[in-house]
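[1] Requesting a structural model of the entry that follows:
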Amino acid sequence: MVDRVLVTLDGAVRDADAPLLFADDIGVLRGDGVFETVLVRSGNPCAIEFHLGRLRRSAQALDLPEPELGRWREAVERAAKEWGTEREGVMRLVCTRGRDTELSGAKSTVTSGDLAAAVPVPTSYVLVLPVPERVQQARTDGVSVVTLSRGISVDLAQAAPWQLLGAKTLSYASNMAALRFAHRMGADDVIFTSTENRVLEGPRSSVVIVRDKQLITPPAKNGILPGVTQRALFVEAEKAGWKCEYKSLFTADLLTCDSIWMLSSITLAARVNSLDGLRMMAPDNVEEIIELVDRGVSRAGAIGDW
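    Predicted coordinates for the structure are as follows:
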């Protein structure tokens, strides 16, 4: 049983212990690139078409070359096959802007719409690793959460698109800093809020609240990364008779709902069992929501729906 799998877009299975990146890779120097994190379950990459759709949209936001989705699919399939079916895995699809020395040699002036033409050959690969131990505990027991201000307005994403708030970029340092801060406070996770006290998202998850037979998540226009697992849940829940809405939420809404869920590609569904020190009781439909998420991510999805 392998503990790591590394596949490049030429379909080659690489030695995961051998160096792959150049020291001047812009993804390392500046966090300039995009990525996706995909759960591998029973040898299958979950909701892969949704992930590829989001990867493409993120690349467009960063003016990276259009991802060759056929080659990405082949690399994903090869990596999943190499990983096997015996256990879950964390699959990362990574695409950086390439080498800084090559970028320096690219044409210095470009016209509008030609920005991707000035990008050197991107660094692209698929990596599979074991699922962290924290994941099973979060799925089973839920997570304790603190609310932290992100210090931005919900209007920022539309007023300043260069902030890339709706893209899944490699620049995750502030998200990881927020999680470390939460851990020092004795919490497992974070829900970010805006300067207007609107609910945003988690450092690596989407926030969904439950009211009766209704699921609500904040809209992407508020500066939120569209969630793959959240989208998969909504597709499945609507089939089961749930009402699903994208709607702005205030922090007070977190205290008056039936339950709060942190949805992500690897943990999938983690119920918030404590919010800012206040215990959140488990509702009767916990198992139903978990089952809806499991069914939703088991489908590949359609890239055209992203």
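
[2] Going along the chain, name the helices of the stretch 201-306 of the chain.
    Assigned helices in the stretch 201-306 of the chain, in chain order: 228-239, 253-256, 286-298 (criterion: DSSP state H, counting those that start in this stretch).

[3] Most tightly packed of the ones you listed?
    Mean neighbour counts were compared across the helices of the stretch 201-306 of the chain using mean count of other CB atoms under 10 Å; the top stretch is helix 228-239, at a mean of 22. From N, CA and C alone the C-beta is placed, and that goes for glycine too.

[4] just checking, what packs against it?
    Packing contacts for helix 228-239, counted by 3 or more CB pairs under 8 Å, 6 or more residues apart in numbering; DSSP states H and E, involve helix 48-61, strand 206-211, strand 214-217, strand 243-246, strand 259-264, strand 268-275, helix 286-298.

[5] what's in contact with the last one?
    Residues outside helix 286-298 that contact it (CB atoms under 8 Å, 6 or more residues apart in numbering): 39, 41, 44, 46-47, 139, 210, 228-229, 232-237, 240, 242, 259, 261, 263, 265, 268-269, 271.

[6] Can you tell me which helix or strand of the chain has the lowest average pLDDT?
    Between all helices and strands in the chain, the lowest mean by mean pLDDT, DSSP states H and E belongs to helix 100-104, at a mean of 80.

[7] what about it, distance to the chain center?
    Distance of helix 100-104 from the chain centroid (CA atoms, centre = their mean, to the nearest Å) equals 29 Å.

[8] Give the buried residues for whichever helix or strand comes after that helix.
    The first helix or strand that comes after helix 100-104 along the chain, using DSSP states H and E, is strand 123-130. Within strand 123-130, the residues that qualify as buried are Thr123, Ser124, Tyr125, Val126, Leu127, Val128, Leu129, counting by 16 or more other CB atoms under 10 Å.

[9] Out of those residues, which is nearest to Met1?
    Within the buried residues of strand 123-130, proximity to Met1 (CB to CB) peaks at Val128, which comes in at 12.1 Å.

[10] neighbours around the nearest residue to Val131 once chain neighbours are set aside, how many?
    Ranked by CB to CB, 6 or more residues apart in numbering and with sequence neighbours excluded, the top spatial neighbour of Val131 is Glu88, at 4.7 Å. Neighbour count of Glu88, defined by other CB atoms under 10 Å: 17.

[11] right, and Glu88 touches Asn44 too?
    No - applying CB atoms under 8 Å as the test, Glu88 and Asn44 come out as separate, 10.5 Å apart.

[12] Are there residues contacting both of those two? Which ones?
    Taking CB under 8 Å, 6+ apart as the contact criterion, Glu88 and Asn44 have no common neighbours.

[13] Give the bridge partners for Ser274, please.
    Beta bridges link Ser274 to Ser144, Arg279 when assigned by DSSP bridges.

[14] Lys221: neighbouring residues, count only.
    Counted by other CB under 10 Å, the residues lying close to Lys221 total 14.

[15] who touches it in this structure?
    Remark: with contacts taken as CB under 8 Å, 6+ apart, Lys221 is in contact with Val154, Ala157, Gln158.
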